[in-house]
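K.L.:
I'd like to go over a predicted model; first the sequence, then the structure.
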Amino acid sequence: MEGKNAQTIANNHNNVVDLEVYLVKGTLDRPWRDPPQWNSQFSIEIKSLISNYEPFEDAQTPVSNILLIGQSGSGKSSFVNTINSIFKGKISSKACTGRRVNNQSLTKDFMRYIIRDSAEKKNLKFRICDTVGIDTNQTSLSKWMNDKDLGYMLDGNLPNQYTVIYALNKQNS
Ligand SMILES: Nc1nc2c(ncn2[C@@H]2O[C@H](COP(=O)(O)OP(=O)(O)O)[C@@H](O)[C@H]2O)c(=O)[nH]1
Ligand SMILES: [Mg+2]
């Protein structure tokens with residue numbers, strides 16, 4: 001855990017009621033669930049299910065945030081575009097995707113995307129939060145995403161378009 005503990009991860013408060021961390025080793029012999037039959041009927045059903053999603057009543061929030069965290073180039077920003085394209089009805093490239101030459105993250109800001117269902121003329125009840133990638137050379141997490149930023153991010157308290165790189169430059173100046 002490199003000096004981290006439950007307190008530092010939770011930004012020094014005890015509001016986190018359930019935190020589970022898993023380390024996945026190797027691959028499974030068979031899929032962990034039965035894959036659905038991908039056809040147009042299933043596509044309509046699953047789209048409708050997502051479109052009608054509502055946060056749990058107990059959460060007492062009108063909209064949920066889905067946080068994407070992962071290695072640079074793992075497809076986080078592309079996932080935003082995929083979901084947005086489905087509900088827009090045409091290809092969308094709202095989020096910038098791709099890699100820099102040194103494999104570093106192209107995404108530099110914390111971006112909270114609202115997804116609009118253009119057919120139903122409504123915003124979905126979840127927003128997708130895209131984050132700066134964690135690089136394989138391990139420098140990015142410490143350089144660009146410090147403990148505090150990560151804590152605020154997990155709490156849902158990081159402002160939209162928060163520039164992590166800018167914060168780093170500010171800290172260093
Ligand atoms: N083959 C393949 N490439 C993908 C997929 N998703 C994203 N990519 C490509 O991987 C690269 C990095 O994707 P990006 O979404 O920017 O990753 P991020 O750094 O996690 O946001 C881009 O060139 C994408 O076109 C996928 O599902 N399959
Ligand atoms: Mg990205």
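P.N.:
Perfect, I can see it now. Numbers count the residues shown, from 1 in each chain. Ligands and ions are numbered 1, 2, ... in the order given.
K.L.:
Quick one: name the residues of this protein near ligand 2.
P.N.:
Along the chain, the residues adjacent to ligand 2 under the rule Cβ under 5 Å from the ion are 76-77, 107. Bear in mind the C-beta positions are built from the backbone N, C-alpha and C, glycine included.
K.L.:
my read: Ile115 touches Ile83, true?
P.N.:
Yes: the criterion here is Cβ atoms under 8 Å, and Ile115 meets it with Ile83 at 5.9 Å.
K.L.:
overlap in contacts of those two?
P.N.:
Common contacts of Ile115 and Ile83, defined by Cβ atoms under 8 Å, 6 or more residues apart in numbering, comprise Ile128.
K.L.:
middle-most residue in the chain, spatially?
P.N.:
Leu68 (1.6 Å; Cα atoms, centre = their mean).
K.L.:
In this structure that one contacts Lys76, no?
P.N.:
Yes: taking contacts as Cβ under 8 Å, Leu68 lies within contact range of Lys76: 4.2 Å.
K.L.:
what sits in contact with each of those two?
P.N.:
With Cβ under 8 Å, 6+ apart as the test, Leu68 and Lys76 both reach 130-131.
K.L.:
near ligand 1 too, which of the residues of the chain next to ligand 2?
P.N.:
Filtering those for neighbours of ligand 1 using Cβ under 6 Å from any ligand atom leaves 76-77, 107.
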